[in-house]
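Enquirer: kindly return the folded structure for what I paste below:
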Amino acid sequence: MNTATALDSRQISLPDPAATLAFGRRLGAVLEVGDIVCLSGNLGAGKTSLARGAIEAWTGQPEEAPSPTYTLVQTYEGAKGELWHVDLYRLKRPDDAWELGLEDAFAEAACLIEWPERLENQLPANRLDIALSPEGEGRNAALTAHGAWRTRLATI
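Expert: Purely as a prediction, here's the structure:
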């Protein structure tokens, strides 16, 4: 692995749901307005659990933070501004995401996006990708940094 690759990606073992929530809290603590985090993985992989931890850190309080599978978007206010939790699972076409106001959210809020592959090649260049996969009784988080996230990856 070369130095550039080492700075661009890392693996984190999350042995149980509590570890996933705690990792989400660490992520939420470093998020800023304009940050985009893409969460991928199969159904039940822990995307919403991770997002819930990030939302709690963003708002500074425990949040129920339901999955936005049917509403597509849930927004949360925090001291830093607005956080969008987006679930694109039910999206039929990538262009449908823009009808949600996603382009404005990219500029004016922090965004956690579940099922980002539904946007195909329309993902912003500056983003953090987190792919969750089963690992024993827990899960593995594979983090890949793009753009500005390359220098920030170590902060999580």
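Enquirer: low-confidence stretches in the protein?
Expert: By pLDDT under 70, the low-scoring segments of the chain are 1-7, 66, 68-71.
Enquirer: so where do the strands sit in it?
Expert: 9-14, 36-40, 73-78, 81-87, 109-114, 127-135, 138-146 (DSSP state E).
Enquirer: format those strands as a markdown table; extra columns: mean neighbour count and distance to residue 24.
Expert: Where you see a C-beta, it was placed from the backbone N, CA and C, and this is true even at glycine. Below are the strands of the chain laid out as a markdown table (neighbours: other Cβ atoms under 10 Å; distance: least, Cβ to Cβ, whole Å):
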| stretch | mean neighbour count | distance to residue 24 |
| --- | --- | --- |
| strand 9-14 | 15 | 10 |
| strand 36-40 | 24 | 10 |
| strand 73-78 | 16 | 13 |
| strand 81-87 | 22 | 11 |
| strand 109-114 | 26 | 9 |
| strand 127-135 | 18 | 10 |
| strand 138-146 | 19 | 10 |
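Enquirer: could I get those strands as CSV with distance to residue 121?
Expert: Listed next are those as CSV, based on distance: least, Cβ to Cβ, whole Å:
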stretch, distance to residue 121
strand 9-14, 20
strand 36-40, 13
strand 73-78, 21
strand 81-87, 17
strand 109-114, 15
strand 127-135, 13
strand 138-146, 13
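Enquirer: out of those, the one nearest residue 48 is which?
Expert: Residue 48 lies closest, by Cβ to Cβ, to one member of these: strand 109-114, at 7.0 Å.
Enquirer: who does that closest one pair up with?
Expert: strand 36-40 (parallel), strand 81-87 (parallel) (DSSP bridges).
Enquirer: cool, thanks, signing off.
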